[in-house]
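J.: here is my input; please provide its structure:
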Amino acid sequence: MTSNTAHTNPLLDFSNHPLFDVIQPQHIAPALDQLLPSTDAALEKVTATDFPAEWKAISAVLDVATEKLSRAWGAVSHLHSVADTPELRAAYTAALPRVTEFYTRLGANERLYAKYKAIDVASLNAEQKHAHTLAMRNFVLSGAELVDQAKERFAAIQERRAEVSQKFSENVLDATDQWSAIVTADELAGVPEDVLHATRAAAEKDGLKGKDGVADHKLNLKMPCYLPIMQFAHSSALREKLYRAYATRASNQSEAVQAGKTEQDNTPWVKEILALRQEEAQLLGYANYAEVSLAAKMAQSPAEVMAFLRDLGQRARPYAEKDVAEMRAFAAEHLHIQDPQPWDWTYIGEKLKEARYAFSEQEVKPYFTAPKVLAGLFKIVETLFEVSIRRDQAPVWHPAVEFYRIERHTDETRSRGLPPVLVGQFYLDPGARVGKRGGAWMDDVRARWLRPDTHTLQTPVAHLVCNFAESVGNKPPLLTHDDVITLFHECGHGLHHMLTQVNERDVSGISGVEWDAVELPSQFMENFCWEWRVLRHMTAHVDTGEPLPRALFDKMLAAKNFQSGLQTLRQIEFSLVDMLLHADGEKAQDFMQVLRDVRAEVAVLQSPAWGRSLHTFSHIFAGGYAAGYYSYKWAEVLSADAYAAFEETAGAEGEPNIDTGRRYRETILEVGGSRPAMASFKAFRGREPQLDALLRHQGMSDLPASP
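T.: Purely as a prediction, here's the structure:
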């Protein structure tokens, strides 16, 4: 390595934000060639017998070194998720084992574990004490107490798990990206105009022309195309075509695998991931991986989680059964569908909603232009949390990506007429495109940290990533109301990360927050998408500029809990499958049977035998939700109850009480992971969470639960 490497390799520039516009695959290996030896040297230094067992001393050496590695690798991982290319994938895949090996070795290092044990906890402040408690727990979960062959095997499992999860994720991305279908305009009868424009443009881009020179339409399996077709296409045959392709992605039932692309079948990877997790759990002295997962969560045991899910399922089931009965009757009477198939239900549901509430998702969509929605989101954040959001500048990976800063005045800046203080910054990447994995997520770029090396305050930076339809022609992108909810959800995660006032890196923002509580701030923000005082500021018709009419909003509100019973059971189905797969290692090897058993217990609408939803269940097989998918429902209880505090203190016109917003910010968002989530919730609400608010918000509080 030459002395000017840091100046020529953008991954080694930590002066400010990642240089996303110039990072190339060829930078990855040389950066790791420098960073990994540096972190190894730091680890050796702090674990030497003569190095003091002091929190700040260890942090100034080891945490500073590992933070550089995590920021560089975080930039690579992010690009791999949002701007994948064959070259980047190859470089990422080659580097992954090196990074995995280091973090596995770091977490299991018995000398570092001993050094942490020797720290005088009484000398630490409250944030450091909680971070120390979590660190001690994580050492145990990372195999620090294992010895000899057990430790070696544990390390091998971590490396293999990372490799196999990567294969799983690549298969999902490839299976989604590579599928397409060319259809005529006649086959797309009923599909909204903006989707027709986008699919026609995709066909024209590929030079595809139908008969009489009229452009055909190119379909794909990304949500902005797939979902509107399932909702609105009159052709049951077309809906079936897309449903089969979507429901069998990355499985032995898919067209690609049956055509010979057997490497895209995720079946062996699912089995291996589950087997590796079970083996890891047994090495650590746990009966199963579900127990390992819950060691760092609010819930105390798999049994408690499953009891919670089944209780909620019993409460939701009568509503779900009512939902299905209403759809069957409507389909028979109005759509002449006597025997609905799996690909018909979304279409039937949309038509029933249109008939019952006299509005369609597509009637609402033209009012939600992306710029106006964003302005509305920023307005509620600024009002509620007493901050300001401004455009900012940083290198980005795609022209559509925007960068923002969050600022706040303090008593001092306000009294002295000084500029507001920088609180945090974030990237917003809204659009779906090839090479970008599906879904929506928030990731941290860097954490708030009172740095032990420079003694300066590092402000947090986040990624907010969505997959909305891109603009067509010269018009701004249009969002569905579900898209708006998704944007608010990810913003909630971002606020949790960026508004923190904790100075200890490992417990600032979302770090250190129990996984089943981390969705509280995100789901909390979703509630504002149903408030007229919020929506009226974030709508403008794409053609006329007129705001959303109040009468149309009232119809949306009336339809808010449409089929909430079915939706709840769907979440419970996924959550129970996830928990059972990780609570019984033997049964998990026949994972499709586990899925069938849960569906028999929970579902009121059965899926086809050839469906393979688990083969693309990235949350649990390539994300952080293994034995943790229940967290969405668990945190919904927390978020609904938290939002009820705002309902209870709202003004005469429904405007939020600023004092309540300030208390929420100070007791939950600002404290991050510096104390247990239950302590934060109690500090805000004055008591433990209750289920009532969730059932009321979802319209499921008037029917008796199933026996």
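
J.: buried set for the lengthiest strand in the chain?
T.: Taking DSSP state E as the criterion, the chain has its longest strand at strand 421-431. By 16 or more other C-beta atoms under 10 Å, the buried positions in strand 421-431 come out as 423-431. For the C-beta atoms, the positions are set from N, CA and C on the backbone; glycine is no exception.

J.: from the contact counts, what lies against that strand?
T.: In terms of contacts (3 or more C-beta pairs under 8 Å, 6 or more residues apart in numbering; DSSP states H and E), strand 421-431 is packed against strand 402-408, strand 461-468, helix 481-498.

J.: so what strands line up beside that strand?
T.: The sheet places strand 421-431 alongside strand 402-408 (antiparallel), strand 461-468 (parallel), with pairing taken from DSSP bridges.

J.: JSON lines for the helices and strands packed on strand 421-431, including distance to His582?
T.: Formatted as JSON lines, the helices and strands packed on strand 421-431 follow (distance: least, C-beta to C-beta, whole Å):
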{"stretch": "strand 402-408", "distance to His582": "37"}
{"stretch": "strand 461-468", "distance to His582": "27"}
{"stretch": "helix 481-498", "distance to His582": "24"}
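
J.: deepest-packed of the strands paired with strand 421-431, please.
T.: strand 461-468 (a mean of 23; mean count of other C-beta atoms under 10 Å).

J.: next, the angle helix 481-498 makes with that strand.
T.: Counting by axes from the mean of the first three to the mean of the last three C-alpha atoms, to 10 degrees, strand 461-468 lies at 170 degrees to helix 481-498.

J.: in TSV: the helices and strands packed on strand 421-431, plus mean pLDDT and distance to Asp186.
T.: Output for the helices and strands packed on strand 421-431, formatted as TSV (pLDDT from 0 to 100; distance: least, C-beta to C-beta, whole Å):
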stretch	mean pLDDT	distance to Asp186
strand 402-408	98	39
strand 461-468	97	28
helix 481-498	97	28
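
J.: nearest to Leu32, out of these?
T.: strand 461-468 (21.4 Å; C-beta to C-beta).

J.: what residues does the nearest residue to Gln571 once chain neighbours are set aside make contact with?
T.: Ranked by C-beta to C-beta, 6 or more residues apart in numbering and with sequence neighbours excluded, the top spatial neighbour of Gln571 is Lys633, at 5.7 Å. Counting by C-beta atoms under 8 Å, 6 or more residues apart in numbering, Lys633 makes contact with 308-309, 312, 568, 571-572, 575.

J.: again with Asn138
T.: Counting by C-beta under 8 Å, 6+ apart, Asn138 has contacts 107, 296.

J.: how close does it get to Val64?
T.: 19 Å (C-beta to C-beta, to the nearest Å).

J.: give me the residue at the spatial middle of the chain.
T.: Trp441 (3.7 Å; C-alpha atoms, centre = their mean).

J.: pLDDT weak spots in this structure?
T.: 1-7, 210-214 (pLDDT under 70).

J.: please redo it, this time with the cut-off set to 50
T.: Along the chain, segments meeting pLDDT under 50 span 1-6.

J.: now Leu499. Nearest residue, chain neighbours left out?
T.: Leu669 (4.5 Å).

J.: now do Phe51
T.: Here the residue nearest Phe51, using C-beta to C-beta, 6+ apart, is Lys45, at 6.3 Å.

J.: which parts of the helix or strand in which Ser38 is found are buried?
T.: Secondary structure from DSSP states H and E places Ser38 in helix 28-46. Residues of helix 28-46 classed as buried by neighbour count (16+ other C-beta under 10 Å): 28, 31-32, 34-36, 39, 42-43, 46.

J.: cool, and stretch 450-463?
T.: Neighbour-count burial for stretch 450-463 [16+ other C-beta under 10 Å]: 450-452, 458-463.

J.: what sits up against it?
T.: With C-beta under 8 Å, 6+ apart, stretch 450-463 has contacts from 17, 56, 59-60, 63-64, 78, 422-427, 429, 441-449, 493-494, 497-498, 500, 503-504, 508-509.

J.: still on that earlier bit, got the contacts of Lys633 as JSON lines, with secondary structure, neighbour count and distance to Tyr103 columns?
T.: As requested, the contacts of Lys633 are exported to JSON lines (DSSP: H, G, I helix; E, B strand; the rest coil; neighbours: other C-beta atoms under 10 Å; distance: C-beta to C-beta, whole Å):
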{"residue": "Phe308", "secondary structure": "helix", "neighbour count": "18", "distance to Tyr103": "32"}
{"residue": "Leu309", "secondary structure": "helix", "neighbour count": "22", "distance to Tyr103": "32"}
{"residue": "Leu312", "secondary structure": "helix", "neighbour count": "25", "distance to Tyr103": "36"}
{"residue": "Thr568", "secondary structure": "helix", "neighbour count": "23", "distance to Tyr103": "37"}
{"residue": "Gln571", "secondary structure": "helix", "neighbour count": "18", "distance to Tyr103": "31"}
{"residue": "Ile572", "secondary structure": "helix", "neighbour count": "27", "distance to Tyr103": "34"}
{"residue": "Ser575", "secondary structure": "helix", "neighbour count": "28", "distance to Tyr103": "28"}
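
J.: sorry, back to before: beyond the helix holding Ser38, next helix or strand please.
T.: helix 55-58.

J.: what's downstream of that following helix, the next helix or strand?
T.: Next element after helix 55-58 (DSSP H and E): helix 64-82.

J.: what helices or strands is that following helix leaning on?
T.: helix 28-46, helix 86-107, strand 441-446, strand 461-468.

J.: 7 Å instead?
T.: helix 28-46, helix 86-107, strand 441-446 (3 or more C-beta pairs under 7 Å, 6 or more residues apart in numbering; DSSP states H and E).

J.: same list (those) but as a markdown table, adding distance to Ala626.
T.: Formatted as a markdown table, the helices and strands packed on helix 64-82 follow (distance: least, C-beta to C-beta, whole Å):
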| stretch | distance to Ala626 |
| --- | --- |
| helix 28-46 | 26 |
| helix 86-107 | 16 |
| strand 441-446 | 16 |
